[in-house]
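Engineer: predicted coordinates and the sequence they were generated for:
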Amino acid sequence: MFRIVGQILVKNGHAVQCDNFSDIYSLGEFKNAVKSLEALEPDEINIMDLDGNISLTLKDNLPVLKSLRLPVSVGGGVDLGEIHSYPVERYLINSLLFESDVSHRLDDFKQGRQSLIGYLPFKEVRGGFLYFNSTKGVFLEVGHRLLSKIFNICSEVIFLDTDHQGNLGRFNSRFPNSISREYLMRSYLSGGICPDNLSLFRRLGCAGVVLDNSSLYWQQKIYKR
């Protein structure tokens, strides 16, 4: 089933807008942003802390999170050992995916790997695609073996087009052809996706889209799209 996920980006405890993976603009208080997004009725809400302080964001906003009627996924410095104490269903991981001992480190993860979502921001370089490692702060090449391992570890993967983040209707149309259909069926695409042309992404056969930045400005509920 094609799913539409609304995303809230957080920096310094406030909701922000991010363009091209670099330019950041404040949107206001987190609690107001999350309630506004809930009113648009996405299938899920994703909260990404750009400072890597997702546990602090969740702790500071526990009352509003407990009142949400939608599934919540979170990312940005997720501590798999304690994140289960918060009212969230799924966890986005990035830097852990690049660790050689990632499978061993997940052996005791009680929530199960079905709750793990890989998060891979990407950019196109000379006709190929590089992926962001948040620990190193650089874009790296990801070969078939590593990509296969990532999909074995995670139930689904979010691919963010960093070159077009915040630019509606500009998602890189070449990217879906760079991964197999088997993987695409378990992938969410994000960055530069316009809510007016979601039918294009439905036809791709991907799991869904993550609509960051623009989602807080819509006038219509997401499900009507």
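Structural biologist: Looks like it arrived, so ask away.

Engineer: surely Tyr183 touches Asn152?
Structural biologist: No. Counting by C-beta atoms under 8 Å, Tyr183 does not reach Asn152; the two are 10.9 Å apart. (Each C-beta comes from the backbone N, C-alpha and C, glycine too.)

Engineer: higher neighbour count, these two?
Structural biologist: Tyr183 (18 against 9; other C-beta atoms under 10 Å).

Engineer: give me the pLDDT value at the more buried one.
Structural biologist: Looking at Tyr183, its pLDDT is 98.

Engineer: and it, which of the three is it?
Structural biologist: At Tyr183 the chain is in helix, as set by DSSP: H, G, I helix; E, B strand; the rest coil.

Engineer: what's the residue nearest the centre of the chain in contact with, if anything?
Structural biologist: Centroid-nearest residue in the chain, with C-alpha atoms, centre = their mean: Ile158, separated by 5.3 Å. Shown here is Ile158, whose contacts under the criterion C-beta atoms under 8 Å, 6 or more residues apart in numbering are 46, 92, 117-120, 187-190, 210.

Engineer: one more pass at 7 Å, please.
Structural biologist: Neighbouring residues of Ile158 by C-beta atoms under 7 Å, 6 or more residues apart in numbering: 92, 117-120, 188, 190, 210.

Engineer: with Leu58 instead?
Structural biologist: Neighbours of Leu58 in contact, by C-beta under 7 Å, 6+ apart: 65, 74, 86.

Engineer: cutoff 6 Å now
Structural biologist: By C-beta atoms under 6 Å, 6 or more residues apart in numbering, Leu58 lies in contact with Tyr86.

Engineer: isn't there a helix covering it?
Structural biologist: Yes. Leu58 forms part of a helix when assessed by three-state DSSP.
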